[in-house]
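# With the input below, show me the fold.
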Amino acid sequence: MKKMVFLAGALAITALPALAEMPSQAAICVTCHQASGLGMPNLAPSIAGMPASYLATQIEHFKKGERQSATMKPMADMLDEAGVKAASEWFASLPLPLPEDPAWRGDKDPASLTGGEKLAYLGDWRRDLPSCVTCHGPEGVGVGEHIPHLAGQHADYIEDQLKAWQAGTRVNDVNGIMGAMAKKLTAEEITAVAQYFANVETK
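Next up is the predicted model:
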């Protein structure tokens, strides 16, 4: 069983001042995303540990209407350029519980994979559908500055975003990659993949 770094996440809640002082601009964000940055199911996604540039880009997309959210639009509009930078960098600095030794595709026996995990790791090449981990990294831990983590993200949020890309109500993905992939998924597959990544931390 892989070791999981849960302690850092717990300390983020109880010992936040020992990390970095929360900038005043982030105060409007923590009501939903929480002081830990881990958000809450059915309310707000986890954004702790996300790359600052990714978070800043998403805020700008909300400001410009390139992402639709009746909640996020007015919040984003309250942040000027300095505020976007300060809030993004602070949330990016918060610790995020992730697998300490995530399994790469070759580490898993394809015959043992089922449901959301099978789709996440193998995709379905009969439908030209690559695996999620091809871009999002082993067990969805995220890659670089532009591909967010999925590991431990709230299942409802992952599912909602896949459905938004599928329906074309979210279109801010690079080169339309996510929209193209989401359109190939069934409703059952979306739910299964979302549940898989949401529960990666507890395996």
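
# State the number of residues packed around residue 200.
If you count neighbours by other CB atoms under 10 Å, residue 200 ends up with 25. Just so you know, the C-beta spots here come from the backbone N, C-alpha and C atoms, and that holds for glycine as well.

# Confirm for me that it is in contact with residue 137.
No. Counting by CB atoms under 8 Å, residue 200 sits too far from residue 137 to count as a contact (11.2 Å).

# next helix or strand past the helix or strand of the chain with the lowest mean pLDDT?
Least confident helix or strand, the chain: helix 7-14 with a mean of 34, by mean pLDDT, DSSP states H and E. Sequence order places helix 27-33 as the next helix or strand after helix 7-14, per DSSP states H and E.

# Pull the CA coordinates from the helix or strand immediately after that next one in the chain and hand them back as CSV.
Remark: after helix 27-33, the chain's next helix or strand is helix 52-64, criterion DSSP H and E. What follows is helix 52-64, C-alpha atoms only, in CSV (Å, rounded to 0.1, in the frame of the first residue of the first chain):
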residue,chain,number,x,y,z
ALA,A,52,-0.3,29.7,-9.4
SER,A,53,-0.2,30.4,-13.2
TYR,A,54,-3.1,27.9,-13.7
LEU,A,55,-5.2,29.5,-10.9
ALA,A,56,-4.5,33.0,-12.2
THR,A,57,-5.5,31.9,-15.7
GLN,A,58,-8.8,30.4,-14.5
ILE,A,59,-9.6,33.6,-12.5
GLU,A,60,-9.0,35.7,-15.7
HIS,A,61,-11.3,33.3,-17.6
PHE,A,62,-14.1,33.9,-15.1
LYS,A,63,-13.5,37.7,-15.3
LYS,A,64,-13.7,37.6,-19.1
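
# so how far is helix 52-64 from its chain's centroid?
14 Å (CA atoms, centre = their mean, to the nearest Å).

# what's the helix or strand following it packed up against?
Toward the C-terminus, helix 52-64 is succeeded by helix 72-77 as the next helix or strand (DSSP H and E). Using 3 or more CB pairs under 8 Å, 6 or more residues apart in numbering; DSSP states H and E, the elements in contact with helix 72-77 are helix 52-64.
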